[in-house]
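> sequence and predicted structure, then a few things I'm wondering about:
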Amino acid sequence: MKLKKIIIVLIALGFYSLSNAQERGLPIYKDYLTDNWYLIHPSMAGASNYDKIRVTGRQAWFDVDDAPNLQTISANFRAGENVGLGGIFFNDANGRFSQVGGYLTFAYHLQLTGRNSVLNQLSFGASIGVIEESLDETDIDIVNNPDPIIYGVEQSETFFNVDIGVSYNYQDFFIHTTVKNIINQDRQIFSERFENDNQRQYLISSGYNFYLRNPKWSLQPSFMFQYKEFTEEANIDINAKVFYELENNNRVWGGLSYRGSFDGAEYSSDGTSVDSQKLSNISPFLGFTFNNRFVIAYTYTYQTNDIVLTNSGFHQLTLGYNFGKRSEKYKCNCPAVNY
């Protein structure tokens, strides 16, 4: 029974790592749903009528030592009529593996109609990132428990990569596509564990904003699909976000997101039969915007799989500030650009 429990725990940890950890660069969680599309799509730098600063903190499993945690700070703004600029700094840790890095972004926005009140914007963006990743195995006893893939030292390396993306915002409709880590590079830390250093990842997000019967309420269904080229992993987020307009440019918003994978991780709990479990989680979130300036939001992620390490979930807090309003709002229900 003890062996069985150990195997199940290792499966849960391995499956989580397969889905989120050891990504080269900024991991992709649900940050974008808390008014932070720029964090995953470089083409959204400077796309809004407001310049934006966002700070996020994410912590998993408070009852587990060295659990995954992530902190980010990002800013993006419009520089002139068409140019958007941005920057991201992040710190990501997951057990023995950690990353610290930053990105600088250049975006260019084309308004495809002569009427300033109509949103019809095509955007291109590119981010250059510098990341230092570390793997700490110093506390592993390799003398009494030798393993050819464990070195018993702390390894680190620094590298750069590039993300590129395109966005199209037309009134209430939006679509974003991004390719992350487009450059193959030597990866010394995992050189004997992975035969390929390809960390390329493809993202596509799209959605539509609907006014409900009461004009103070609006609904934004959306999805995000991501695909990792080397491992051929794919998953999708299905999202529903609701906005309610209050007095004095205040609004409350929230919703629900479901993430599911198309591929499962195989495991055996008895040493003979082989089962498979797919990534599955749900994330309710709630946020407030005060006077179109200050943003605060909370996101909770709950794993719905049968085999998990703990049920304590993932907690994320987002703080934001909007400034430098450039023009009047577009005549559409398009919060990512109007606010």
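That came through, no problem. Numbers count the residues shown, from 1 in each chain.
> what about Gln111, distance to Tyr339?
Applying C-beta to C-beta, to the nearest Å, the value for Gln111 to Tyr339 is 18 Å. In short, each C-beta sits where N, CA and C put it, glycine included.
> give me the more crowded residue out of the two.
Tyr339 (20 against 14; other C-beta atoms under 10 Å).
> let me see the contact set for that one.
The contact partners of Tyr339, by C-beta atoms under 8 Å, 6 or more residues apart in numbering, come to 35, 48-50, 251, 289, 292, 322.
> what's the closest of those residues to Thr177?
Closest approach between the contacts of Tyr339 and Thr177, by C-beta to C-beta: Ser48, at 18.6 Å.
> ok so the closest one is a strand residue?
No. Using DSSP: H, G, I helix; E, B strand; the rest coil, the assignment for Ser48 is coil, not a strand.
> what's the nearest residue to it once chain neighbours are set aside sitting at in phi/psi?
Distances taken as C-beta to C-beta, 6 or more residues apart in numbering put Val337 closest to Ser48, at 5.3 Å, once the chain neighbours are dropped. Note on Val337: backbone dihedrals following degrees, to the nearest 10 are phi -110, psi -40.
> what ranges of the stretch 201-339 of the chain fall below the confidence cut-off?
265-276, 305-311 (pLDDT under 70).
> quick one: the helices in it?
335-338 (DSSP state H, counting those that start in this stretch).
> how about the strands in it?
Secondary structure of the stretch 201-339 of the chain (DSSP state E, counting those that start in this stretch): strands located at 201-208, 210-211, 217-228, 233-245, 251-267, 275-290, 294-303, 314-323.
> by contact count, what packs against the shortest one?
Helices and strands touching strand 210-211, by 3 or more C-beta pairs under 8 Å, 6 or more residues apart in numbering; DSSP states H and E, are strand 217-228.
> tell me what angle the strand it packs on forms with strand 251-267.
Orientation check (axes from the mean of the first three to the mean of the last three C-alpha atoms, to 10 degrees): strand 217-228 against strand 251-267 gives 30 degrees.
> give me the sheet partners of strand 217-228 and which way each runs.
As defined by DSSP bridges, the strand partners of strand 217-228 come to strand 201-208 (antiparallel), strand 210-211 (antiparallel), strand 233-245 (antiparallel).
> show me which residues of the first one are buried.
Pointing back at strand 201-208 there. For strand 201-208, a neighbour-count test (16 or more other C-beta atoms under 10 Å) marks 201, 203-205, 207 as buried.
> with the last one instead?
Neighbour counts using 16+ other C-beta under 10 Å place 233, 235, 237, 239, 241, 243 of strand 233-245 among the buried residues.
> partners of the first one in the sheet?
The residues listed as beta-bridge partners of Glu233 by DSSP bridges are Lys228.
> check the spacing between it and Leu33 real quick.
Counting by C-beta to C-beta - Glu233 and Leu33 are separated by 21 Å.
> now do the third one
As judged by C-beta to C-beta, Asp237 and Leu33 stand 8 Å apart.
> overlap in contacts, these two.
Ser257.
> you'd agree the residue nearest to Ser48 is up against Asn49?
Yes. Assessed by C-beta atoms under 8 Å, Val337 is found in contact with Asn49 at 6.5 Å.
> those two: which has the busier surroundings?
A direct count of neighbours by other C-beta under 10 Å for Val337 and Asn49 places Val337 higher, at 22 against 19.
> for the more buried one, give me its contacts.
47-49, 119, 121, 169, 330.
> using a markdown table, lay out the contacts of Tyr339 together with distance to Val100.
Output for these, formatted as a markdown table (distance: C-beta to C-beta, whole Å):
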| residue | distance to Val100 |
| --- | --- |
| Asp35 | 25 |
| Ser48 | 28 |
| Asn49 | 32 |
| Tyr50 | 28 |
| Arg251 | 34 |
| Thr289 | 30 |
| Asn292 | 33 |
| Asn322 | 27 |
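> out of those, who's the most crowded?
Counting by other C-beta under 10 Å, top hit in these: Ser48 with 26 neighbours.
> look up how far Asn338 lies from that residue.
For Ser48 relative to Asn338 (C-beta to C-beta), the value is 8 Å.
> do the same with His315
In terms of C-beta to C-beta, His315 sits 29 Å off from Asn338.
> Trp37 contacts Met44, doesn't it?
Yes. Counting by C-beta under 8 Å, Trp37 touches Met44, with 4.4 Å between them.
> ok, back up a step: any idea which of the buried residues of strand 201-208 is closest to Glu81?
Ser205 (25.6 Å).
> contact partners for the closest one?
32, 37, 40-41, 174-177, 222-225.
> relative to Gly125, how far out is Ala84?
That one is not Ala; residue 84 is Gly. Gly84 is 7 Å from Gly125, by C-beta to C-beta.
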